[in-house]
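A.B. asks: Whatever this is, show me its structure:
(chains A and B)
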Amino acid sequence: MRSTVIFVEKSAPATITELHDILSNDLISVKEKWSFEFKTFRLTVKNLPPESPRLMHSITFSHRDNKSVIVKNKSAIVTSAMPGSIPAALTLNGCSSASCESFDHLLTSKLSNLWTQRQTIKGDFGSTYQTSELTIRATNVFSYGGFKGLLIELECEEQIPDSEFDQRINRIRNYLRDMSIEDYKICSDIMDPQRRNFLCDLAQQYVKVLEL
Amino acid sequence: MVLQLSLVSAIDDESYDLCTSTLCNLSGNPPVLFSHFTAMLKPNPTFDIEQTNSKNQLIEQNRLKLCKEVPLDQLEPDGSKRDYEMLKNYQDDKLDGFNLQVVEDMLHGSTDLDRMDVDEAKSDDSWILSIADIPAAGSNRKVSTQSITENTILSSGGSSPSIIAFLSEFGYVPDYQFLTLGVKFNMNHSVYLELSKVWLIQGGESKQITKGGFLVKAFVNVTKGTDIKSINHGTNALLNLQKELSGYIDLTIPDRKSMDSRLENLSDI
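C.D. replies: Model prediction:
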């Protein structure tokens, strides 16, 4: 499984319709609506060395069982707030009381002396397109009600060589060029090629393109 | 946020047999063997951390608790022998059969890449992360009431995938670790009763802190802290159990201070 995230800041709310039109020849199906929430937290510790990073990001994906990924400085964890997703072994051995809250809640309610929330970026009610090559998710992105741009998440579930994946991505980039979109941020990075974790890598790609 | 109502007591090693059979009869259910490994973390001591947040509210530094199950099937492959009798073999410091190195590795993530491929360590990477408040104060309380905020961590990733690597970025470092081995009874009215032994784990060594006996804990988890009806119901269920067992196991309210996980409280524990 591979993924790439594209963020087009210089776009209009209607750009997503253009994208739909240009993809329509390749479409197998139009799938479920999706949304995501991207939050930035800042470490409030005063005596950190100036070069050490202070920002941490939490990204919640509605289309991936509402899992959240927390990323800081190339280190990430996948968390869940859904009671049904607690592994049975944890509940049976008395580790969990089977009630569960989001990591964001833990931060804002118990650790707000250490971490302060800075901004929230949201993509609501985005579209999912299935082509023979990729699953393409596109959504308009808003921050505090203001339009920020267009975000496109490309996912390939098949096991294919990296070169083949890059070709598929390039086809999408050509479509963007056809729409005369040249200026955008794109990220396909993998944090550790030897130990891939799809969700963590995807979250890191969101961070790279959305971080201002 | 879950509200845990609890009462505690202790029994000695010799009473274990009689106690389990009594509780077994009382509850009508056989005991369930359980084991978990817990790591407590504290804020990085080199950090200069504010006592207040951006809204100028006082937030005291609190420990984080990481908890995960210890698979007992490796300890005793024969499922029929894996029952409450097993606990009688663990009366001193040694934890025979437990590979403490493996337990501690779970925390730090395996550094050996080859072994990770074989063991599929990834699937076994989930933890419960929680923060507990100090139990509610008040002299006329009949049971201990503690609220716990909990989150499930399913896996970790990144350049050094381990829960500890992430949490050190997060501002927390390991403080102390312990392993709990015990049996749990499912009593009536959603009351659970646990008999357990606890070992402190440090650098591959184990030290039993419940030597000579077992910790007894009866508790009810109420999912919503505002659910007064369930709180009253749970309190009454606990008090009934306390009455039923009185003279045999005297369940009492645990010391509030010993249930406090705030950092300043270290010297009191």
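
A.B. asks: And the host helix or strand of B:Thr149, what does it pack against?
C.D. replies: Counting by DSSP states H and E, the secondary-structure element that holds B:Thr149 is strand B:144-158. Using 3 or more Cβ pairs under 8 Å, 6 or more residues apart in numbering or on different chains; DSSP states H and E as the contact definition, the elements that strand B:144-158 packs against are strand A:75-80, helix A:103-110, helix A:198-210, strand B:2-12, strand B:127-132, helix B:163-170. Quick note: C-beta positions are derived from backbone N, CA and C, even for glycine.

A.B. asks: which stretch among the ones you listed comes nearest A:Ser97?
C.D. replies: strand B:2-12 (4.6 Å; Cβ to Cβ).

A.B. asks: Can you name the next helix or strand after that closest one?
C.D. replies: Read in the C-terminal direction, the helix or strand following strand B:2-12 is helix B:16-27, with elements assigned using DSSP H and E.

A.B. asks: what are the pairing partners of the helix or strand that comes right after that next one, and which direction each?
C.D. replies: Per DSSP H and E, helix B:16-27 leads on to strand B:32-43 as the next helix or strand towards the C-terminus. In the sheet, strand B:32-43 lines up against strand B:64-69 (antiparallel), strand B:172-186 (antiparallel) (DSSP bridges).

A.B. asks: Just put the ones you listed in JSON lines and tack on mean pLDDT and mean neighbour count.
C.D. replies: Listed next are the strands paired with strand B:32-43 as JSON lines, based on pLDDT from 0 to 100; neighbours: other Cβ atoms under 10 Å in any protein chain shown:
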{"stretch": "strand B:64-69", "mean pLDDT": "92", "mean neighbour count": "22"}
{"stretch": "strand B:172-186", "mean pLDDT": "93", "mean neighbour count": "19"}
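
A.B. asks: and of these, who's closest to A:Val8?
C.D. replies: For these, the distance to A:Val8 is smallest for strand B:172-186, at 37.5 Å, taking Cβ to Cβ.

A.B. asks: how many degrees apart are the closest one and helix B:163-170 in direction?
C.D. replies: Angle between the axes of strand B:172-186 and helix B:163-170 is 130 degrees (criterion: axes from the mean of the first three to the mean of the last three Cα atoms, to 10 degrees).

A.B. asks: Kindly calculate the angle that strand B:172-186 makes with strand B:127-132.
C.D. replies: An angle of 90 degrees separates the directions of strand B:172-186 and strand B:127-132 when computed by the same axes, to 10 degrees.

A.B. asks: out of the helices and strands packed on strand B:144-158, deepest packed?
C.D. replies: Mean neighbour count, computed with mean count of other Cβ atoms under 10 Å in any protein chain shown, is highest for strand A:75-80 among the helices and strands packed on strand B:144-158, reaching a mean of 27.

A.B. asks: Helix A:198-210 and that one, what's the angle between them?
C.D. replies: In this structure, strand A:75-80 runs at an angle of 110 degrees to helix A:198-210, with the same axes, to 10 degrees as the basis.

A.B. asks: got the angle between strand A:75-80 and strand B:144-158?
C.D. replies: Angle, strand A:75-80 to strand B:144-158, by the same axes, to 10 degrees: 130 degrees.

A.B. asks: what does strand A:75-80 contact?
C.D. replies: Among residues not part of strand A:75-80, those counted as contacts by Cβ atoms under 8 Å, 6 or more residues apart in numbering or on different chains are A:65-70, A:86, A:100, A:102-103, A:191, A:197, A:199-200, A:203-204, B:129, B:151-160, B:163, B:165-166, B:169.
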